[in-house]
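K.L.:
Make a model of this:
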Amino acid sequence: MQRPSRMIRAALLAGTVFAAALVAAASTAPVGAQTGPTVVDPSLGVRTVVSGLVTPSTMAFLGPNDFLVLEKNTGRVQRVVGGAVESTVLDLSVNNASERGLLGIALHPRFPANPGVYLYWTCRTIAAPADPFRPDEQACSDDPGAMVGQPDTDDILRVPLLGNRVDRFVWTGSTLVFDRNLKKLRAFQSDGAPDPPGQGDVAQPPRGNHDGGPIAFGPDGKLYVATGDLGRRGQMQNLPNGPTPPTADDQFGGPQPDNAHLSGVILRLNDDGTTPTDNPFFAAGAAMGGETGANVQRLYAYGLRNTFGIAFDPVSGSLWDQQNADDAFDELNRVERGMNGGWVQIMGPVERIAQFKQIEMTLPPSGGLPGAQLQQIRWPPSNIADTPGEALSRLFVLPGSHYSDPEFSWKFAVPPAGIGFLSSGALGRSTATTSSRAQPRRTPSAATCSAST
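P.N.:
Numbers count the residues shown, from 1 in each chain. This is a model prediction of the structure:
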C-alpha cells in the first residue's frame with residue numbers, strides 16, 4: 001500500500017486542525033477546553049507560528065518566514081512575515097455562515113514569475129432574497145469593486161445561487177488584484193420549498209455547509225478544486241435519478257450536474273480556467289453536450305461528501321484528500337483519476353456498510369430533525385444498502401471511469417494484502433481491519449470514524 005509522505009501527512013493534519021477550529025467556532029453548543037492536536041509521528045511537532053488571527057482556514061508560502069493566511073469569517077488575506085501579521089493584502093466581502101467564507105488558496109506553480117494567486121471563497125448578496133427558497137441573484141458580480149466594501153455576513157440566505165467562486169488574483173508584491181473568475185459553484189441551500197412537491201422536506205432548514213474549498217496545483221501544472229456536496233443528492237452523489245425520482249433534485253432542477261448541481265467533486269482545470277482535454281471524462285462530457293457535458297468534462301473525481309483538505313505528495317505526485325463524514329467513517333484517500341468516492345451510497349470501507357447504516361440510523365439526527373442523519377430529509381439513512389454488493393451495484397458509473405473498463409473486474413478485484421482501515425470514535429473503540437474485498441471507488445488507504453459536519 002502506498003502511504004502518504006511525512007510532508008503530505010503534515011499538510012492534511014494542518015487542514016484537519018483548521019477544520020476542527022472552524023467547526024468549534026461555528027458551533028453554538030458549549031465546547032470543552034481544547035488542548036490542541038496530538039502528534040504521534042516523532043518527526044513532526046506543533047508550535048505557534050503566529051497568533052491573533054480570526055478563523056484561519058489555510059495558507060500559502062511566498063518565501064521563508066513569509067506567507068499568506070486566509071481568515072474564513074473576515075474575508076481577509078493576511079501577510080505574515082517573521083511570525084507577525086505585516087499587512088492585510090485583500091479584504092473580500094464574504095458570506096461566512098456555517099462553513100462558507102474564504103476557504104482556499106493556491107499559488108501558480110511558476111510563482112513569482114507568474115504572479116497568479118488563486119482563491120476559493122463565498123461571496124454575499126446585498127440583501128436577503130424576497131423568496132427564502134430562491135435567491136434574487138444567480139451569481140455575484142465580477143466587478144472588483146463589488147467584491148469588497150460590504151460588511152461580511154452570517155445570514156445564511158444572503159448568498160447567490162452560485163456563490164462559491166474560484167478566482168485568479170495577481171500578486172503585486174504588496175496587494176492582491178482581481179484578474180478573472182475561473183468557476184462559479186453552488187452555495188445556496190434552502191431545500192424545504194413547496195416546489196417541487198412531494199419530497200417531504202418542508203422541515204429542512206436552510207444550510208451553509210459542505211462547501212469544500214481546498215484548491216491545489218498538481219505536478220502537472222493543473223489546478224485541482226474540491227467542492228463538497230452542498231447537501232445535493234444527484235448523479236454526482238450516486239443517485240442517478242435523484243433522491244425522489246422522478247421528481248427533480250430541488251427547486252432548480254437536477255439531478256444532472258449542471259451549474260446548479262455540480263457538487264461533491266474534484267475539478268481539474270487549466271490555470272486560466274479552461275478544461276484540459278486529457279481529463280478522465282472529457283470525451284464523455286463532449287458526447288453529452290451543453291452545460292452538463294461541459295461540467296462533466298471538468299471532473300477529475302466525484303462521489304465526495306465534503307473535504308477540508310487536499311494535497312499532492314511531493315515524492316510520488318499522488319493526490320490525497322481528507323473527507324469528513326456525517327457520523328461514520330472520516331476518510332483519507334489517494335485520489336485516482338476518474339475516482340468515484342461512493343457517497344452517498346458508501347462511506348468508509350464497503351465491507352462495513354452495515355456498520356455505516358447502523359451508525360447513521362442510531363445516532364441523533366442532524367439538527368434534531370427526524371430522518372436527517374445524512375443532513376437531508378428526502379434521502380434518509382434507511383435508504384443505505386444492507387450488503388456490500390448492493391451498495392456497489394448502486395454506484396453511478398460515468399463513461400470513461402476505470403470502473404467502466406471491461407478489463408477491470410471492479411466488483412471482485414482483491415486489493416494487495418495488508419491494506420488496512422482504521423476506525424475509531426463513534427462506536428467507542430478502535431479497531432484495525434484488513435480489506436479482503438474490492439474497494440473499486442478509490443485506492444484504499446485509511447479511514448477513520450468520527451462525528452463531523
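K.L.:
quick one: low-confidence parts of the stretch 1-150 of the chain?
P.N.:
Counting by pLDDT under 70, the stretch 1-150 of the chain shows low-confidence ranges at 1-34, 36.
K.L.:
Helices of that one, start to end?
P.N.:
For the stretch 1-150 of the chain, the helices defined by DSSP state H, counting those that start in this stretch cover 6-26.
K.L.:
residue boundaries of the strands in it?
P.N.:
Read by DSSP state E, counting those that start in this stretch, the stretch 1-150 of the chain holds these strands, from start to end of the chain: 56-63, 66-71, 76-81, 84-91, 102-107, 116-122.
K.L.:
And the strands in the stretch 251-400 of the chain?
P.N.:
Per DSSP E, counting those that start in this stretch, the stretch 251-400 of the chain carries strands over the ranges 265-269, 299-302, 309-312, 319-323, 330-335, 339-340.
K.L.:
any chance of these in JSON lines, with mean pLDDT and distance to Thr35 too?
P.N.:
Quick note: C-beta positions are derived from backbone N, CA and C, even for glycine. Compiled in JSON lines, those are given as follows (pLDDT from 0 to 100; distance: least, CB to CB, whole Å):
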{"stretch": "strand 265-269", "mean pLDDT": "98", "distance to Thr35": "33"}
{"stretch": "strand 299-302", "mean pLDDT": "97", "distance to Thr35": "35"}
{"stretch": "strand 309-312", "mean pLDDT": "97", "distance to Thr35": "22"}
{"stretch": "strand 319-323", "mean pLDDT": "96", "distance to Thr35": "22"}
{"stretch": "strand 330-335", "mean pLDDT": "94", "distance to Thr35": "20"}
{"stretch": "strand 339-340", "mean pLDDT": "94", "distance to Thr35": "36"}
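K.L.:
Using TSV, lay out those strands together with distance to Gln189.
P.N.:
As requested, the strands of the stretch 251-400 of the chain are arranged in TSV below (distance: least, CB to CB, whole Å):
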stretch	distance to Gln189
strand 265-269	16
strand 299-302	19
strand 309-312	22
strand 319-323	19
strand 330-335	22
strand 339-340	23
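K.L.:
Tell me which of these lies nearest to Ser93.
P.N.:
For the strands of the stretch 251-400 of the chain, distance to Ser93 was read as CB to CB. The smallest value, 24.4 Å, belongs to strand 265-269.
K.L.:
which residues touch the closest one?
P.N.:
When contacts are taken as CB atoms under 8 Å, 6 or more residues apart in numbering, the neighbours of strand 265-269 outside the stretch itself are 166, 182-183, 218, 222-227, 236, 257, 275-276, 279, 298-302, 304, 310, 319, 321, 335.
K.L.:
the inter-axis angle of it versus strand 116-122?
P.N.:
Between the axes of strand 265-269 and strand 116-122, defined by axes from the mean of the first three to the mean of the last three CA atoms, to 10 degrees, the angle is 150 degrees.
K.L.:
what's the distance between strand 265-269 and the middle of its chain?
P.N.:
When C-alpha coordinates are averaged (CA atoms, centre = their mean, to the nearest Å), strand 265-269 and its chain have centres 11 Å apart.
K.L.:
For stretch 213-227, measure first residue to last.
P.N.:
Start-to-end span of stretch 213-227 (CA to CA, to the nearest Å) is 6 Å.
K.L.:
Sorry, wrong one. I was asking about stretch 283-294.
P.N.:
10 Å.
K.L.:
Would you mark the buried spots in it?
P.N.:
Burial within stretch 283-294, assessed by neighbour count using 16 or more other CB atoms under 10 Å, is assigned to Ala284, Gly285, Met288, Thr292, Gly293, Ala294.
K.L.:
Likewise for stretch 177-186?
P.N.:
Quick answer for stretch 177-186 (16+ other CB under 10 Å): Phe178, Asp179, Leu182, Lys183, Lys184, Leu185, Arg186.
K.L.:
List the beta-bridge partners for Phe178.
P.N.:
On DSSP bridges, the residues paired with Phe178 through beta bridges are Phe169.
K.L.:
Would you enumerate the residues in contact with it?
P.N.:
When contacts are counted by CB under 8 Å, 6+ apart, Phe178 touches Asp142, Pro144, Met147, Asp167, Phe169, Val170.
K.L.:
gap between it and Thr55?
P.N.:
In this structure, Phe178 and Thr55 are 23 Å apart, going by CB to CB, to the nearest Å.
K.L.:
Next: Arg337.
P.N.:
Taking CB to CB as the measure, Arg337 falls 33 Å from Thr55.
K.L.:
likewise Gly82?
P.N.:
23 Å.
K.L.:
When the two are compared, which one has more neighbours?
P.N.:
Comparing Gly82 with Thr55 by neighbour count (other CB atoms under 10 Å), the higher total belongs to Thr55, at 18 against 10.
K.L.:
Correct me if wrong: the more buried one contacts Gly75.
P.N.:
No: Thr55 is not in contact with Gly75 according to CB atoms under 8 Å; the separation is 10.4 Å.
K.L.:
any shared contact partners between those two?
P.N.:
Listed contacts common to Thr55 and Gly75 are Asn96, Gly101; contacts here mean CB under 8 Å, 6+ apart.
K.L.:
Give me the pLDDT value at Phe412.
P.N.:
For Phe412, the pLDDT comes out at 28.
K.L.:
could you dump the strands of the stretch 1-150 of the chain to JSON lines with mean neighbour count?
P.N.:
Formatted as JSON lines, the strands of the stretch 1-150 of the chain follow (neighbours: other CB atoms under 10 Å):
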{"stretch": "strand 56-63", "mean neighbour count": "18"}
{"stretch": "strand 66-71", "mean neighbour count": "20"}
{"stretch": "strand 76-81", "mean neighbour count": "20"}
{"stretch": "strand 84-91", "mean neighbour count": "15"}
{"stretch": "strand 102-107", "mean neighbour count": "25"}
{"stretch": "strand 116-122", "mean neighbour count": "26"}
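K.L.:
Let me have those strands in a markdown table, extended by distance to Ala203.
P.N.:
What follows is those, written out as a markdown table (distance: least, CB to CB, whole Å):
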| stretch | distance to Ala203 |
| --- | --- |
| strand 56-63 | 31 |
| strand 66-71 | 34 |
| strand 76-81 | 36 |
| strand 84-91 | 37 |
| strand 102-107 | 29 |
| strand 116-122 | 25 |
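K.L.:
quick one: stretch 169-184 to chain centroid distance?
P.N.:
Here stretch 169-184 is found 22 Å from its chain centre; the criterion is CA atoms, centre = their mean.
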